[in-house]
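Engineer: curious how this folds, go ahead:
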Amino acid sequence: MNLELMLPLVIYLVLMLGVGFWASRHRAEGNFVQEYFIGNRSMGGLVLAMTLVATYTSASSFIGGPGAAYKIGLGWVLLAMIQLPTVWLTLGVLGKKFAIIARRVNAVTINDMLWARYQSKAVVILGSITIILAFIATMVVQFIGGARLLETATGLSYQQGLMLFASCVLLYTIIGGFRAVVMTDALQGIIMLIGTGALLAGILIAGDGLPNLIHQLREIDPKLVSPQGAGDMLTQPFMLSFWILVCVGVVGLPHSALRCFGYRDSKALHRGILIGTVVSALLMFGMHLAGALGRAILPGMDSPDKIMPSLMMEVLPPWLAGVFLAAPMAAIMSTIDSQLIQASATLVKDLYLNYLNPKQEKLEVRIPRLSLLCTLILGTLVLLAALQPPEMIIWLNLLAFGGLQAVFLWPLVLGLYWSRANGPGALASMVSGIVCYGVLSQWGIKLAGLHAIVPSLTLALVVFITVSLLTAPPSREVRELFGQK
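Structural biologist: Predicted coordinates:
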């Protein structure tokens with residue numbers, strides 16, 4: 001084990017736990033549900049931007065994305081920049097109306113908003129089940145990414161790295177709740193920026209400059225420096241699919257949309273859009289370019305997912321590698337904690353309070369205990385599932401992303417902006433979207449070469465509009481609540 005590298009990483013993990021303990025003090029100041037699950041809606045602009053970027057920037061982005069760039073080449077770097085408008089889209093489309101309505105109906109979860117808009121138990125239950133299953137799948141990806149990072153860089157075994165990583169994330173999330181999540185996200189976002197810049201600089205120095213690195217890539221495979229990528233993988237249908245999946249469709253991701261509940265005021269929203277877009281651009285470009293250029297530094301990697309930690313070990317001194325190893329670790333932890341806290345909120349707030357304990361007996365005692373217990377159980381289940389990892393984690397992550405988008409995108413967007421949207425239309429859209437996505441993904445069917453998300457979202461939109469127009473409109477009270485005529 002490389003102790004010189006491990007020490008800064010251990011200090012970083014201890015710092016995350018310290019933030020969790022600090023955040024736990026706020027729970028005594030007010031309502032447990034409001035504080036633990038939504039942080040009493042107190043985020044400023046910088047924290048809002050960083051938590052949204054950090055939540056979206058996951059193991060897939062910091063480990064799997066550069067791994068794909070390593071395998072496919074500079075064309076993947078160009079493709080990755082499709083993700084640039086994600087913060088602007090999420091906060092611009094959902095941000096202001098979500099925040100206003102969430103305060104009106106005291107919403108703590110995405111399903112609270114769906115219930116307020118559609119008044120349908122079926123919509124809430126289907127949404128809850130989808131969130132829990134998809135988040136378990138994506139959290140498995142994050143746990144695998146964290147364990148592989150520690151395995152590659154520190155000399156720990158995969159199982160030892162998994163246990164260390166999972167223990168830290170579970171502890172600060174359980175202890176601190178939403179406030180700990182967003183505060184650690186802000187810190188992790190800054191670490192990711194510094195780490196990406198340091199690694200990219202180290203690669204350029206180690207490779208004698210950008211022209212020489214590109215020349216070496218061309219020597220390995222000329223396709224590595226072409227827009228189509230190695231194997232001509234980046235076709236027009238693939239790029240369209242990727243644009244929908246990782247840019248437009250991100251508006252429908254519940255853990256990103258939930259960030260629109262927690263900011264303080266309009267000034268924080270506008271500042272969050274600006275800062276978040278700039279930070280997202282720097283991170284996406286830097287980390288994917290590092291992965292692509294890394295092929296010239298380390299051409300014989302057996303697993304593309306190991307390229308980022310391997311590059312850190314190769315081009316940086318051990319102590320500096322230990323400091324900046326926290327960057328991909330931050331990307332992974334910031335996604336897990338957000339999904340873990342929202343999955344727990346879904347179980348406790350959306351299912352237990354609404355259906356298993358409708359009389360809401362002894363809430364003062366039960367809710368805190370159940371919330372902490374659900375977070376612990378979910379984290380343990382994900383830990384067990386991560387013991388047998390797949391080869392490339394980016395595809396598993398994208399599969400879960402697509403499932404969430406197929407279910408939530410149109411109910412969220414049309415619910416805010418279309419007065420005719422109703423419960424039957426939302427339910428039909430959610431069912432048709434996830435069934436279509438599941439069938440196309442399971443059997444590998446690509447209509448016109450497109451990823452399953454494109455026909456699934458198209459079908460879900462058509463079904464939503466058709467069923468809503470054929471059934472009764474929402475009540476006047478609901479339309480007025482959402483500012484619709």
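
Engineer: check the gap between the most centrally placed residue in the chain and residue 69 for me.
Structural biologist: Nearest to the mean C-alpha position of the chain, by Cα atoms, centre = their mean, lies residue 56 at 3.6 Å. Distance, residue 56 to residue 69, by Cβ to Cβ, to the nearest Å: 18 Å. In this view, the C-beta of every residue, glycine as well, is placed from N, C-alpha and C.

Engineer: same thing with residue 451?
Structural biologist: Applying Cβ to Cβ to residue 451 and residue 69 gives a distance of 18 Å.

Engineer: neighbour-wise, which of those two wins?
Structural biologist: When residue 451 and residue 69 are compared for neighbours, residue 69 comes out ahead with 29 against 22, by other Cβ atoms under 10 Å.

Engineer: isn't the more buried one right up against residue 76?
Structural biologist: Yes. Taking Cβ atoms under 8 Å as the definition, residue 69 is a contact partner of residue 76 at 4.2 Å.

Engineer: which neighbours do the two share?
Structural biologist: Shared contacts of residue 69 and residue 76, defined by Cβ atoms under 8 Å, 6 or more residues apart in numbering, are found at 288, 291-292.

Engineer: give me the contact list for stretch 282-289.
Structural biologist: 53, 57, 61-62, 65-66, 69, 74, 76-77, 80-81, 83-84, 192-193, 196-197, 199-200, 308.

Engineer: ah, wrong one, I meant stretch 109-120
Structural biologist: The contact list for stretch 109-120 (Cβ under 8 Å, 6+ apart) reads 37, 98, 101-102, 105-107, 123-124, 127-128, 131, 254, 257-258, 342, 345-346, 349-350, 354, 408, 411-412, 415, 421-424, 426-427, 474-475, 478, 481-482.

Engineer: narrow those residues to just the buried residues.
Structural biologist: Neighbour counting by 16 or more other Cβ atoms under 10 Å classes 37, 98, 101-102, 107, 123-124, 127-128, 131, 254, 257-258, 342, 345-346, 349-350, 354, 408, 411-412, 415, 421-424, 426-427, 474, 478, 482 among the contacts of stretch 109-120 as buried.

Engineer: just to revisit the earlier point, contacts only, for the residue nearest to the centre of the chain.
Structural biologist: So residue 56 contacts 83, 86-87, 250, 253, 256, 280, 335 (Cβ under 8 Å, 6+ apart).

Engineer: if you set the cut-off to 10 Å instead, what comes out?
Structural biologist: When contacts are counted by Cβ atoms under 10 Å, 6 or more residues apart in numbering, residue 56 touches 83, 86-87, 90, 246, 250, 253, 255-256, 259, 276, 280, 283-284, 331, 334-335, 338.

Engineer: can you flag the buried ones in these?
Structural biologist: 83, 86-87, 90, 246, 250, 253, 255-256, 259, 276, 280, 283-284, 331, 334-335, 338.

Engineer: can you list the buried residues in the strand or helix carrying residue 428?
Structural biologist: Secondary structure assigned from DSSP states H and E places residue 428 in helix 423-442. The neighbour-count check on helix 423-442 (16+ other Cβ under 10 Å) flags 423-434, 436-438, 440-441 as buried.

Engineer: kindly report the same for stretch 108-128.
Structural biologist: Across stretch 108-128, burial judged by 16+ other Cβ under 10 Å covers 108-118, 120, 123-128.

Engineer: right, and residue 305 touches residue 332 too?
Structural biologist: No. Using Cβ atoms under 10 Å, residue 305 is not in contact with residue 332; the gap is 11.8 Å.

Engineer: picking that back up, which of the contacts of stretch 282-289 are buried?
Structural biologist: Buried among the contacts of stretch 282-289 by 16+ other Cβ under 10 Å: 53, 57, 61-62, 65-66, 69, 74, 76-77, 80, 83-84, 192-193, 196-197, 199-200, 308.

Engineer: just the ones of those residues in helices?
Structural biologist: 53, 65-66, 69, 74, 76-77, 80, 192-193, 196-197, 199-200, 308 (DSSP state H).

Engineer: return the member of those nearest to residue 315.
Structural biologist: Using Cβ to Cβ, residue 199 comes nearest to residue 315 of these, at 7.1 Å.

Engineer: which residues does the residue nearest to the closest one when sequence neighbours are not counted contact?
Structural biologist: Leaving aside its sequence neighbours, residue 199 sits nearest to residue 290 (Cβ to Cβ, 6 or more residues apart in numbering; 5.3 Å). By Cβ under 10 Å, 6+ apart, the residues touching residue 290 are 62, 66, 69-70, 77, 196-197, 199-204, 297, 307-308, 311-312, 315.

Engineer: figure out the helix or strand that residue 290 lives in.
Structural biologist: Going by DSSP H and E, residue 290 is in helix 266-297.

Engineer: what comes up buried for that helix?
Structural biologist: Here helix 266-297 shows 268-269, 271-273, 275-277, 279-281, 283-297 as buried, counting by 16+ other Cβ under 10 Å.

Engineer: surely residue 293 touches residue 200?
Structural biologist: Yes. Residue 293 lies in contact with residue 200 (Cβ under 10 Å); the separation is 8.1 Å.

Engineer: just checking, residue 419 is part of a strand?
Structural biologist: No. Applying DSSP: H, G, I helix; E, B strand; the rest coil, one finds residue 419 to be coil, outside a strand.

Engineer: phi first, then psi, for the residue lying closest to it once chain neighbours are set aside.
Structural biologist: Spatial nearest neighbour of residue 419, chain neighbours left out: residue 484 (3.7 Å); criterion: Cβ to Cβ, 6+ apart. Torsion angles at residue 484 (phi, psi; degrees, to the nearest 10) stand at phi -120, psi 150.

Engineer: quick one, what contacts residue 484?
Structural biologist: Residue 484 neighbours (Cβ under 10 Å, 6+ apart): 117, 415-421, 474, 476, 478.

Engineer: relative to residue 240, which of these is nearest.
Structural biologist: Nearest member of the contacts of residue 484 to residue 240, counting by Cβ to Cβ, is residue 417, at 23.7 Å.

Engineer: can you show me the helices along the stretch 351-485 of the chain?
Structural biologist: Here the stretch 351-485 of the chain has its helices, by DSSP state H, counting those that start in this stretch, at 363-385, 393-417, 423-442, 453-470, 476-481.

Engineer: now, of the ones you listed, which is deepest in the fold?
Structural biologist: Among these, helix 393-417 has the highest mean neighbour count (mean count of other Cβ atoms under 10 Å), at a mean of 23.

Engineer: quick one, that helix and helix 423-442 angle?
Structural biologist: Comparing the axes of helix 393-417 and helix 423-442 via axes from the mean of the first three to the mean of the last three Cα atoms, to 10 degrees yields an angle of 160 degrees.

Engineer: and residue 208, how many neighbours?
Structural biologist: 12.

Engineer: just the pLDDT at residue 478, thanks.
Structural biologist: Looking at residue 478, its pLDDT stands at 92.

Engineer: cool, and residue 225?
Structural biologist: For residue 225, pLDDT reads 93.

Engineer: contacting residues for it?
Structural biologist: 73-75, 214-215, 217-218, 292.

Engineer: now those residues in TSV, with pLDDT?
Structural biologist: Formatted as TSV, the contacts of residue 225 follow (pLDDT from 0 to 100):
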residue	pLDDT
73	94
74	94
75	94
214	95
215	94
217	95
218	94
292	95
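
Engineer: remind me which residues of the stretch 51-200 of the chain are low pLDDT?
Structural biologist: Residue ranges of the stretch 51-200 of the chain with pLDDT under 70: 55, 57-61, 153, 176-182, 185.

Engineer: which stretches of it form helices?
Structural biologist: So, for the stretch 51-200 of the chain - with DSSP H, counting those that start in this stretch - the helices run 59, 65-72, 74-80, 86-90, 96-105, 110-118, 121-154, 158-206.

Engineer: cheers, nothing more for now.
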